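Novice: Provided below for reference: sequence and predicted model.
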Amino acid sequence: MSRLLPTFSQARRRAFLAALAECGVVQTACARTGVNRATVYRWRETDAAFAAQFDEASAQAADHIEAEARRRAVDGVDRPVFYRGEQCGTVREYSDNLLALLLKAKKPEYRDSSRLELSGRVALGEMSDEAILAEIKQILEAPESRPIMLPD
């Protein structure tokens, strides 16, 4: 009897991982295979091999999603055209938004950039490392409406 339980558990793990690779959503994969979410995360914490397989299944699902996004962006999707309630043809639509997201993912120069600029003076030579970090934390956490006065 003790040999059946590990075999059953391994089969459940394989089924879950296959479902995860297909759908990419843990909750959906759990529902499809009858495995409890908490069980999946316990397996992940206690079994390094399962954790690696979980990561691989998640990566496969992400690849499927990326391929579908590319198909919709580059190849387009046929949408039906109706006239007086009846379909009279199709029109191919492309997704500029998906194309932009794919481009940003592959080419760093197309990504949105943001910068944080801080101005002011801090007398670093006269302050301990802890005081410098506290001062920086105060600057970063301060609401914009409240000016921060730094010592000269």
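Specialist: Okay, I see it. Numbers count the residues shown, from 1 in each chain.

Novice: Report the central residue of this structure.
Specialist: Nearest to the mean C-alpha position of the chain, counting by C-alpha atoms, centre = their mean, stands residue 62 at 8.9 Å.

Novice: Contact partners for the closest residue in space to it that isn't next to it in sequence?
Specialist: Nearest non-adjacent residue to residue 62, counting by C-beta to C-beta, 6 or more residues apart in numbering: residue 24, 6.6 Å away. Glycine gets a C-beta too; all of them are placed from N, C-alpha and C. Contacts for residue 24 (C-beta atoms under 8 Å, 6 or more residues apart in numbering) come out as 58, 61-62, 64-65.

Novice: Most neighbours among the residues you listed, which one?
Specialist: residue 61 (18 neighbours; other C-beta atoms under 10 Å).

Novice: what's the helix or strand for that one?
Specialist: helix 48-70 (DSSP states H and E).

Novice: Could you identify the helix or strand that succeeds that helix?
Specialist: Downstream of helix 48-70 (by DSSP H and E), the next one is strand 77-83.

Novice: Buried residues in that next one, which are they?
Specialist: For strand 77-83, a neighbour-count test (16 or more other C-beta atoms under 10 Å) marks nothing as buried.

Novice: same question, stretch 91-103
Specialist: For stretch 91-103, by 16+ other C-beta under 10 Å, it's 95, 98, 102.

Novice: Same list (those) but as JSON lines, adding secondary structure.
Specialist: As requested, these are exported to JSON lines (DSSP: H, G, I helix; E, B strand; the rest coil):
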{"residue": "95", "secondary structure": "coil"}
{"residue": "98", "secondary structure": "helix"}
{"residue": "102", "secondary structure": "helix"}
